[in-house]
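J.: how would this look folded up:
(chains A and B)
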Amino acid sequence: MAMLEITTTRHNPLVDPQLAVWSWEIPVYLFLGGLVAGLMVLAGLAMRRVARGEDSRSFFSLQAPLLGFVLINLGMGALFLDLMHKLYVWRVYLTLQPASPMSWGSWVLLLVYAVLLASALIRLPEAWPWLGRRVPWLQMASETLLSRPGLVGALAWANIVLGVGVGIYTGILLNTMVARPLWNSAILAPLFLVSGLSAGAALLHLASALRGRGAASQGMVGGAFSALVQPLGSTLPDEHAAEGLVRADLAFLAIELVLIALLLANLFTSSASHAAAGALITSGPYAWAFLGIVVPLGVLLPMALQGLELRRAIPHSVVPALLVLAGGFALRWVMVNAGQASHLLASSAGF
Amino acid sequence: MPRFGMVIDTRKCVGCMDCVVACQTENDVPAGYCRDWIHTELRGEFPNLAMEIRSERCNHCDNPPCVQCCPTGASHVEANGQVVLVTANKCIGCKACLAACPYDARFIHPDGYADKCTFCIHRVKEGKDPACVSVCPTHCMSFGDLDDPASVVNQLLRSRRHHALLPEAGTKPRVHYLT
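T.: Take a look at the predicted model:
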């Protein structure tokens, strides 16, 4: 039988025997980035209702930007922890590298911060009266925004456009690396976007379920928490809104399933390197996580549960939302780790 | 401006690792790391076996994915010789270049920045060969300007069968192996 024996004297940490440059930080960052992208799109849609005067006390328009702001900071924290030359991080903002998705992403992130903060301002003084009293300009900014529907409408579109952009960006970040066949599919971008939208809907559902029955706490700590997970005051999100989230999540999960199937079809009908990369997640060392967790527990089971909830066959619960969030993280974890294990197979044409 | 490249004769290379040691000494490569290494491939069916021994390093690609993905411009193509280099105090250690390189030629220096072969550009500027080339006991390595038709590297490429690593990656590597 023909043999191929390869030996190498290379022994670089994080590179040999298999590339392992990205640990838990990057999956966390990609998951939170996708989640924030989803929250921004959902917040934008809710804010459009506020701008049109259809909803003056929009539940999502308060929660989504604030949650997004907290989560994007956590995500950036994870990304910062991953950097090996941390003191030079400011170098990112001294240049724009047109061919580098990471460079574009860093600049777009500044816009994301600005839009999330401005969006959160709409309801912030109302959610945190103690803060509104101490910082009068917050109250003024909120009133200015609310009195100008055009401005709220523009912010809504900014949320939607940036949300879609960030969601796609988290996929493109990996997709552009020709060296790693598992990542080298453009389907990764819409897959991560839809997974982010699904996770965003799940998180808002979870946040609305966590609300107390009484009036929201308004203290410094309690107020901060209730602003994140509770609607304004004692106003509860209407049933229609909560059910709308479940319906949206169901649609996102169905699209995600189709995109996962397309990704696999893409890999297995491509080159030998791509097929070998696909095998890593279908029969190789990452199959247990992909076929055992991501697809059945992160997509299929929540789809089934949400379908039954909508048919009133079972009561609403936070279980599908928790599964979707866990599945969303598992998807990034599998893709980041299996992607690093994938590599171009050398041809034997050399000698 | 020259476009430096390397030609390595796999029929002469015996895998002695002199090039590896010379690089580590010349460039003060930290212990446990290497900018160049020996790769040995044995193919075939006994008794018809073929072996290729290659001294490998960064390919200083014409189309370098490590440069394209760098968010700060730390990874760049030096005007002099079109050599791919890393400016340590611009590198944030994001490791995107390590993931983007199909040859796994880069590593993270213990000080935190991405590091790799420089073609010993500091020596080349002084008119010398890279350290690995200069110490090779079998003279299997040649270094020169790929844009100069009269250069040794071009003469070798014209006269011998040769291949580069993973040309299907589209990176247009500039280290060529004579077979």
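J.: run a quick neighbour tally on whichever residue of chain A sits closest to chain B.
T.: Proximity of chain A to chain B (Cβ to the nearest Cβ) peaks at A:M84, 2.8 Å away. C-betas here are computed from N, CA, C, even on glycine. By the criterion of other Cβ atoms under 10 Å in any protein chain shown, A:M84 has 20 neighbours.
J.: so it touches B:Y113, yeah?
T.: Yes - the criterion here is Cβ atoms under 8 Å, and A:M84 meets it with B:Y113 at 7.3 Å.
J.: what do the two both touch?
T.: By Cβ atoms under 8 Å, 6 or more residues apart in numbering or on different chains, A:M84 and B:Y113 have these common neighbours: B:G93.
J.: check contacts around A:L262.
T.: Neighbouring residues of A:L262 by Cβ under 8 Å, 6+ apart: A:I187.
J.: let me redo that: B:M6
T.: Counting by Cβ under 8 Å, 6+ apart, B:M6 makes contact with B:R57, B:F119, B:P130, B:V133, B:M141, B:S142, B:F143, B:V153, B:R174, B:V175, B:H176.
J.: mind checking which of those are in strands?
T.: The strands, defined by DSSP state E, take in B:M141, B:S142, B:F143, B:V175, B:H176 from the contacts of B:M6.
J.: any idea how far the fourth one is from A:L291?
T.: By that I understand B:V175. Between B:V175 and A:L291 the computed distance is 40 Å (Cβ to Cβ, to the nearest Å).
J.: so the two - more neighbours on which side?
T.: Comparing B:V175 with A:L291 by other Cβ under 10 Å, the one with more neighbours is B:V175, at 25 against 14.
J.: just list whatever residues bridge to that one.
T.: Counting by DSSP bridges, B:V175 is bridged to B:M6.
J.: give me the pLDDT value at it.
T.: pLDDT recorded at B:V175 is 98.
J.: doesn't B:A164 make contact with it?
T.: Yes - contact criterion Cβ under 8 Å: B:V175 and B:A164 qualify, at 6.8 Å.
J.: where along chain B do the helices fall?
T.: Under the criterion DSSP state H, chain B contains helices at B:18-26, B:65-69, B:96-100, B:121-124, B:131-135, B:152-159.
J.: is the longest one in proximity to chain A?
T.: It stands for helix B:18-26. Yes - using Cβ under 8 Å from any Cβ of the partner chain, helix B:18-26 comes into contact with chain A via B:V20.
J.: contacts for that helix next, please.
T.: A:9, B:29, B:34-38, B:55, B:57, B:117, B:120, B:123, B:131-137, B:141.
J.: quick revisit: would you turn the helices of chain B into CSV with mean pLDDT and mean neighbour count?
T.: Converted to CSV, the helices of chain B look like this (pLDDT from 0 to 100; neighbours: other Cβ atoms under 10 Å in any protein chain shown):
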stretch, mean pLDDT, mean neighbour count
helix B:18-26, 98, 19
helix B:65-69, 97, 23
helix B:96-100, 97, 26
helix B:121-124, 96, 17
helix B:131-135, 98, 21
helix B:152-159, 97, 14
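J.: out of those, nearest to A:A248?
T.: If you check each of these against A:A248 by Cβ to Cβ, helix B:96-100 wins as the nearest, at 33.1 Å.
J.: then the closest one to CSV, C-alphas only?
T.: Extracted C-alpha coordinates of helix B:96-100, given in CSV (Å, rounded to 0.1, in the frame of the first residue of the first chain):
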residue,chain,number,x,y,z
ALA,B,96,-5.3,36.5,12.4
CYS,B,97,-2.1,36.3,10.3
LEU,B,98,-1.2,32.9,12.0
ALA,B,99,-4.6,31.6,11.0
ALA,B,100,-4.4,33.1,7.5
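J.: could you say what helices and strands it packs with?
T.: Where contact means 3 or more Cβ pairs under 8 Å, 6 or more residues apart in numbering or on different chains; DSSP states H and E, helix B:96-100 is packed against helix B:65-69.
J.: tell me what the helix it packs on is packed against?
T.: For helix B:65-69, the contact count by 3+ Cβ pairs under 8 Å, 6+ apart identifies strand B:75-77, helix B:96-100 as packing neighbours.
J.: distance to A:S208 added to those, as a markdown table?
T.: Output for the helices and strands packed on helix B:65-69, formatted as a markdown table (distance: least, Cβ to Cβ, whole Å):
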| stretch | distance to A:S208 |
| --- | --- |
| strand B:75-77 | 46 |
| helix B:96-100 | 37 |
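J.: of those, which is nearest A:L4?
T.: Using Cβ to Cβ, the helices and strands packed on helix B:65-69 put helix B:96-100 closest to A:L4, at 25.1 Å.
J.: any idea how far the closest one is from the chain center?
T.: Here the centre of helix B:96-100 is set off from its chain's centre by 16 Å, with Cα atoms, centre = their mean, to the nearest Å.
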